[in-house]
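Undergrad: pasting the sequence and the predicted coordinates here, then a few questions.
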Amino acid sequence: MAAQTEKMAVPTDAELLKAQADLWRHTLCYLTPMALRCAVELGIPTAIHGLGGTASPTDLIAALSLPPSKLSLLGRLLYQLATAGVFDTPDAGTTYRLNPISYLLVDGVHIDGDACQTAIVRVASSRYYVEAAFGLADWFRKDFDGPVPSPFEDLHGATIFDDSMALLDPEMDKLVHEAKASHNHMGIGLVLRQCHDLFQGLESLTDLCGGDGTTARAIVRAYPQIKCTVLDLPKVIDKAPTEGVVKYVAGDIFHVVPPAQAVLLKVFMNVPSSISSHM
Ligand SMILES: C[S@@+](CC[C@H](N)C(=O)[O-])C[C@H]1O[C@@H](n2cnc3c(N)ncnc32)[C@H](O)[C@@H]1O
């Protein structure tokens, strides 16, 4: 029997006004990541840092050698980003101050290593992702024989963290690996300090798709009693350091999972659609 559907009541005027405002907000919110990308490309966080941590739009026009005719528009960009929480503006648009988010976008910022996260912003807002998102409706309409590729793979014929990306665009592939490295540099040290109870009492751990073992080595340094195994594809394990701190196993996660008390799965995206549809 067909499910009983409840008829939707006509929205009130107040609801419609709010809905219209929300619709504008949802439609235009893509401008925030684009403004963030623009700030990274112009080097605004690094320039504010160089100016002592606080700067006015006029200071930035001079520091970045931008045309003075762009002063008010730069002010709008900064205000948009302050509204999104990327900068603080203690005086409502007169000056802009670095906060923890923009601090992570300063070139050379050091936390447990080079922790600057600009590569992540550049990758995530790159034309590869934006174009794939642009074609989402076409991708939904399209039927595929066999496994369904992601919109990214369908459009570009490549997958990030894969040799196919290096063949398609070596520069982009380099940036993707920089993004992964910068995530690792600041990621695991902070997690170990903030969540130290998480690993307490653990004797063995397998880091699935653990790459070159950066995360596993940091865990063993903090908790020497944990026997850590890293599983990754042979092409990655072949290049992993052989320092004896962690054990490396070459294999495919969908065929082998080295046994341990716990497994770690961090930043793994290549889940075949046949599996992800059951996740
Ligand atoms: C984004 S990297 C993340 C690496 C690491 N976990 C980290 O957080 O830096 C994804 C890793 O998954 C690995 N990988 C992809 N498919 C895999 C598979 N089927 N079996 C094992 N590893 C795989 C890749 O080689 C790559 O090292």
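TA: Yep, it's here.
Undergrad: show me what the strand or helix carrying residue 23 is in contact with.
TA: Using DSSP states H and E, residue 23 sits within helix 13-28. By CB atoms under 8 Å, 6 or more residues apart in numbering, the list of residues contacting helix 13-28 from outside reads residue 11. Where C-beta positions appear, they are placed from N, C-alpha and C, glycine not excepted.
Undergrad: buried ones in it, by neighbour count?
TA: By 16 or more other CB atoms under 10 Å, helix 13-28 has no buried positions at all.
Undergrad: how about stretch 41-54?
TA: Buried residues in stretch 41-54, counted by 16+ other CB under 10 Å: 43, 44, 45, 46, 47, 48, 49, 51, 54.
Undergrad: between those residues, which is nearest the ligand?
TA: residue 45 (23.7 Å; CB to the nearest ligand atom).
Undergrad: give the other helices and strands that the helix or strand where residue 140 lies contacts.
TA: Under the criterion of DSSP H and E, residue 140 resides in helix 136-141. If contacts are counted by 3 or more CB pairs under 8 Å, 6 or more residues apart in numbering; DSSP states H and E, helix 136-141 sits against helix 151-156.
Undergrad: C-terminal to the helix holding residue 23, what's the next element?
TA: helix 31-42.
Undergrad: could I get the average pLDDT for the helix or strand following that following helix?
TA: Heading C-terminal from helix 31-42, the first helix or strand you meet, by DSSP H and E, is helix 44-50. Averaging pLDDT along helix 44-50 gives 98.
Undergrad: return the distance of helix 44-50 from the chain's centre.
TA: In terms of CA atoms, centre = their mean, to the nearest Å, the centre of helix 44-50 is found 21 Å from the chain centre.
Undergrad: run the chain-centre distance for whatever helix or strand comes next after it.
TA: Heading C-terminal from helix 44-50, the first helix or strand you meet, by DSSP H and E, is strand 54-55. The gap between where strand 54-55 is centred and where its chain is centred comes out at 26 Å by CA atoms, centre = their mean.
Undergrad: which helices and strands does strand 54-55 pack with?
TA: By 3+ CB pairs under 8 Å, 6+ apart, strand 54-55 packs against helix 44-50, strand 96-98.
Undergrad: close to the ligand: what parts of the stretch 51-200 of the chain are there?
TA: Neighbours of the ligand within the stretch 51-200 of the chain, by CB under 6 Å from any ligand atom: 161, 180, 184.
Undergrad: can you redo those residues as a markdown table with pLDDT, neighbour count and distance to residue 198?
TA: As requested, these are exported to a markdown table (pLDDT from 0 to 100; neighbours: other CB atoms under 10 Å; distance: CB to CB, whole Å):
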| residue | pLDDT | neighbour count | distance to residue 198 |
| --- | --- | --- | --- |
| 161 | 87 | 19 | 25 |
| 180 | 86 | 20 | 22 |
| 184 | 78 | 20 | 17 |
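Undergrad: follow-up on the earlier one: now the helix holding residue 23: how far from the chain's centre is it?
TA: Counting by CA atoms, centre = their mean, helix 13-28 comes out at 29 Å from the chain centroid.
Undergrad: cool, and stretch 169-183?
TA: With CA atoms, centre = their mean, you get 11 Å for stretch 169-183.
Undergrad: list the buried residues of that stretch.
TA: Residues of stretch 169-183 classed as buried: 169, 172, 173, 175, 176, 177, 178, 179, 180, 182, 183 (neighbour count, 16+ other CB under 10 Å).
Undergrad: closest to residue 90 among the residues you listed?
TA: Nearest to residue 90 out of the buried residues of stretch 169-183 is residue 182 (CB to CB; 28.7 Å).
Undergrad: name the element the closest one belongs to?
TA: Residue 182 belongs to helix 170-194, assigned by DSSP H and E.
Undergrad: now the element after that helix, going C-ward?
TA: Following helix 170-194 toward the C-terminus (DSSP H and E): strand 204-208.
Undergrad: is that next one in proximity to the ligand?
TA: No. Counting by CB under 6 Å from any ligand atom, the ligand is not contacted by strand 204-208; separation bottoms out at 6.5 Å.
Undergrad: what's downstream of that strand, the next helix or strand?
TA: helix 214-222.
Undergrad: with just CA atoms, put that next one into PDB.
TA: Extracted C-alpha coordinates of helix 214-222, given in PDB (Å, rounded to 0.1, in the frame of the first residue of the first chain):
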ATOM      1  CA  THR A 214      54.300   9.300  10.100                       C
ATOM      2  CA  THR A 215      51.200   8.900  12.300                       C
ATOM      3  CA  ALA A 216      52.200   5.400  13.600                       C
ATOM      4  CA  ARG A 217      55.700   6.600  14.400                       C
ATOM      5  CA  ALA A 218      54.300   9.500  16.400                       C
ATOM      6  CA  ILE A 219      52.000   7.200  18.300                       C
ATOM      7  CA  VAL A 220      54.900   4.800  19.200                       C
ATOM      8  CA  ARG A 221      57.100   7.800  20.200                       C
ATOM      9  CA  ALA A 222      54.300   8.900  22.700                       C
END
